[in-house]
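Trainee: for reference, the sequence and a predicted model appear below.
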Amino acid sequence: MKSYKSIIASALFAGLALTATSCIGDLDLEPNDPNTTTAGNMTEAAYEGVLAKCYSGLAVSGQGGPDGASDISGLDGGTGQYTRALFMLNEFPTDETKWIWKDEGVIDLNTNTWSKGNANIFGTYSRMYVEIAICNDFLRLIKGKDQFKEMALEARALRAMSYYNIVDLFGMGGFITEDDAVGSKPKQISRLDLYKWLASELEDIVANMSDATPHYGRVGKDGVEALLARLYLNAGVYTGSPAYDKCAQHCENIIARHKGKGFKGSGLADHYLYLFCGDNDVYMPGGSDVNEILWGIPYDAVELTPYGGTTFLCCAGVSNLTVDNDGAYMNSEDYGLNQQWGCMHATKEFADKFAAEPNDIRWSMWKKDVDGFNKENTSFSKFTDGYGVVKFTNLLRDSNGNFKKGEITKFPNTDLPLFRLADVYLMYAECAMRGAADKAKGVEYANYVRERAGVSKWTETDLNEQNMIDERCRELYWENVRRTDLIRFGLFSGNKYTWSWKGNVAEGTAIPDYMNVFPIPSSVIAAQPDFKQNPNY
C-alpha cells in the first residue's frame, strides 16, 4: 500500500524539465514552469510518473529534499511547501494558533496586519499557480489519450484544489488551462466567474470519475465530491448566493458510500486521534480500515521528508521543556520524534472551546495548566503562554485505543488528511441548521462526531450557529478550514468575535471587512499591470 510513496519520491528525481520563466518583482519569487515535458513514446507507467509530479506538488517543495531545489524561489523549502503555506494563511490569522516567533511576514499574518507586499502571501499565491501549471502541462501531455481518462480526471481534481484555494483566499485570480498555448500568461478572472467554472469543473469530474476506491495516496470520487461540497458550503461568501442545498446533496452522496462500517456504522474511524498518528495510512483511500480520510497526502520518514506537511504540524507544537522551565514538561520523543521546534501554541479562546466538556478526547493530548502551561496569551513569544496543542504525532496505534512508540525518527510517517468524512457530516449538519437539509438527520450526523469524541449528544435545539462553529473548531482544528469557517459565520472581521492578538492587540480588536480576502501580491500586479487589486489594498 505505501508503495505509492516511492512513486511520488521517484517523480522528484525523474528529470522532469522544470525550467524557470521570468522573475516576478523584487521578491525574486518565480514559479518554475514545467512546460517542456514531451510525450515521445511514453508508456502508461511513464504517464503515471508524470502524474506523480502533480501529486508531489502538494506533498513536498521540489526535487531536492526537505529544503532544496524548490519549485518556487524566494521562500525556503519549508515555508513554501503547499500545505504549510496554506496553513499560514488559513490558521495563523485566526483564534486557533499563534506562531510565537516574530518572523518577517509571518508576524503580520498572526496579528492581521498584512499588506500586499507580504512575502508569505506571495509565496502561497505562487505555490498555487505552480501546481496549476504542472497539472496543465500533464493534461496537455495526455490530451486525446482516452485510455488514460482516469489519470486526466485526477489531474483536473488536483488543479481544482488549487483553484479552490485561489477563490477562497484571494477571490479573483489568474486563470489558465491546458487549452491555452504553452507560454500564455493567465488572464485575471472574477471571483464569481472562477467559482462558476470551478463548480462546473468539479461536477463534471465527479460525474465521470469511477466509483472504485483509488490507489493509496491518489484522489477518487469521495475526495473530489468533498471538495465540491466545501465549495458549495461557502457559495454565499464567494457569490452572494448560498448553495447549502447542493452542499447537503453531495454530502449525502459521500455518506451513502461509507455507511455500515466503523464507529456505530457511520464510516468514521473508531478513535479520533488515530487519524493523526504515524500509521494513519489505514484510514486513507485504499487503506485496510474504514477510509475516513477521503483525500490525504502520504508522508514517510525516509521517502517524503519536507519541513512542511505533517513534519510542520507534529514539530511546531512540541518543545523539549523540563520541570526547570517554569514547571513545564514536554519531550518530543513522547510523540515519536527526535526534533522539536517549540513555536506554535493555542490561543486562550481556542482552549475555551473545550471548557464545557473538558473530557473531550480531541484535546486529551494537549499540554495544559497541570503541565506548566498557561492558557492566557500574555506574552506573545513565550511558548508556555498558551496551551500546547498536540494533535498530529508519529506514534502508533495499539489494540486498546491508546498509543505506543515505534521508531523515533526526525520526520514522521504520518499522512496528512485534506478531507475527512467527519467534515462531511458536519457540513450536512450545518446545511440542516440553515434550513437546507433535514434537521433530524443533521443532528444525527453531528452526534456521530460528538459521540466519538466522548461528549454529550445534541438535540435539535442544540443545532444553532454558536454550537456549530464551535464544534467545527473542536473537530477540524489545524486542518486548514478555520479562517473560511469564521468568514462564513461572520466572525472573522469586525468585532462580533475577537481573540488574542487579533488586530495586533493583546486582548483582540476588530479588523476591517476587506481583510476577508488577501491582497493580490504586489509583485504579481507589477508583472501584469492589467491585473486589478482587491479593494482597499
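Mentor: Arrived safely.

Trainee: where does this structure dip in pLDDT?
Mentor: Applying pLDDT under 70 to the chain flags residues 1-41, 62-77, 323-324.

Trainee: from the centroid of it, which residue is nearest?
Mentor: For the chain, the residue nearest the mean C-alpha position is residue 480 (4.2 Å; Cα atoms, centre = their mean).

Trainee: give the contact list for that residue.
Mentor: 83, 86-87, 90-91, 418 (Cβ atoms under 8 Å, 6 or more residues apart in numbering). Any C-beta I mention is one placed from the backbone N, CA and C, and that applies to glycine too.

Trainee: so which of the residues you listed is the closest to residue 156?
Mentor: Using Cβ to Cβ, residue 418 is the member of the contacts of residue 480 that lies nearest residue 156, at 16.1 Å.

Trainee: report the contact partners of that closest one.
Mentor: Taking Cβ under 8 Å, 6+ apart, one finds 83, 161, 223, 293-297, 480 in contact with residue 418.

Trainee: how much space between it and residue 390?
Mentor: For residue 418, the distance to residue 390 equals 21 Å [Cβ to Cβ, to the nearest Å].

Trainee: before we move on, what about residue 494?
Mentor: Taken as Cβ to Cβ, the span from residue 494 to residue 390 is 32 Å.

Trainee: and what of residue 492?
Mentor: From residue 492 to residue 390 the distance is 26 Å (Cβ to Cβ).

Trainee: now the strands for the stretch 401-537 of the chain?
Mentor: 403-404, 416-420 (DSSP state E, counting those that start in this stretch).

Trainee: just the CA atoms of the longest one, as PDB, please.
Mentor: To tie it back to what came earlier, the one meant is strand 416-420. Extracted as PDB, the C-alpha positions of strand 416-420 are listed here (Å, rounded to 0.1, in the frame of the first residue of the first chain):
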ATOM      1  CA  LEU A 416      -2.000  14.400   6.100                       C
ATOM      2  CA  PRO A 417      -5.800  14.400   5.800                       C
ATOM      3  CA  LEU A 418      -7.100  17.000   3.400                       C
ATOM      4  CA  PHE A 419     -10.800  16.000   3.600                       C
ATOM      5  CA  ARG A 420     -12.400  13.700   6.200                       C
END
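
Trainee: given it, what are its sheet partners and their directions?
Mentor: strand 293-297 (antiparallel) (DSSP bridges).

Trainee: contacts for the strand it pairs with?
Mentor: 58-59, 83, 217, 219, 222-224, 226-227, 254, 275, 280, 283-285, 287, 309, 415-421, 424.

Trainee: so residue 174 is in which element?
Mentor: strand 173-175 (DSSP states H and E).

Trainee: now that strand, how far from the centre of its chain.
Mentor: Relative to its chain's centre, strand 173-175 lies at 21 Å (Cα atoms, centre = their mean, to the nearest Å).

Trainee: mind checking what helix or strand follows that strand in sequence?
Mentor: strand 187-189.

Trainee: re earlier: what about residue 492 and residue 390, which has more around it?
Mentor: The neighbour count for residue 492 versus residue 390, taken as other Cβ atoms under 10 Å, is higher for residue 492 (23 against 19).

Trainee: contact partners for that one?
Mentor: For residue 492, counting by Cβ under 8 Å, 6+ apart, the contacting residues are 93-94, 483, 486, 511, 515-516.

Trainee: again, only using 6 Å
Mentor: For residue 492, the contacting residues are residue 486, by Cβ atoms under 6 Å, 6 or more residues apart in numbering.

Trainee: any figure for the gap between the nearest residue to residue 447 once chain neighbours are set aside and residue 308?
Mentor: Counting by Cβ to Cβ, 6 or more residues apart in numbering, the nearest residue to residue 447 once its immediate chain neighbours are dropped is residue 457, at 4.7 Å. Residue 457 sits 37 Å away from residue 308, going by Cβ to Cβ.

Trainee: who has more neighbours out of those two?
Mentor: Neighbours per residue, other Cβ under 10 Å: of residue 457 and residue 308, the larger number sits with residue 308, 27 against 12.

Trainee: you'd agree that one is up against residue 84?
Mentor: Yes: under the criterion of Cβ atoms under 6 Å, residue 308 makes contact with residue 84 at 3.3 Å.

Trainee: quick check: next helix or strand after the longest helix along the chain?
Mentor: Identified as the longest helix of the chain according to DSSP state H is helix 119-142. Following helix 119-142 in sequence order, the next helix or strand is helix 149-170 (DSSP H and E).

Trainee: who does that following helix touch, helix- and strand-wise?
Mentor: helix 44-59, helix 119-142, helix 191-208 (3 or more Cβ pairs under 6 Å, 6 or more residues apart in numbering; DSSP states H and E).

Trainee: rerun at 7 Å
Mentor: Secondary structure elements in contact with helix 149-170, counted by 3 or more Cβ pairs under 7 Å, 6 or more residues apart in numbering; DSSP states H and E, are helix 44-59, helix 119-142, helix 191-208, helix 221-233.

Trainee: how many degrees apart are the longest helix of the chain and helix 44-59 in direction?
Mentor: Per axes from the mean of the first three to the mean of the last three Cα atoms, to 10 degrees, the angle that helix 119-142 makes with helix 44-59 is 170 degrees.

Trainee: tell me who's in contact with residue 234.
Mentor: 168, 484, 488 (Cβ atoms under 7 Å, 6 or more residues apart in numbering).

Trainee: ignore the last one, residue 279
Mentor: Here residue 279 is in contact with 396-397, 413 (Cβ under 7 Å, 6+ apart).

Trainee: just the buried subset of the residues you listed, please.
Mentor: 396-397, 413 (16 or more other Cβ atoms under 10 Å).
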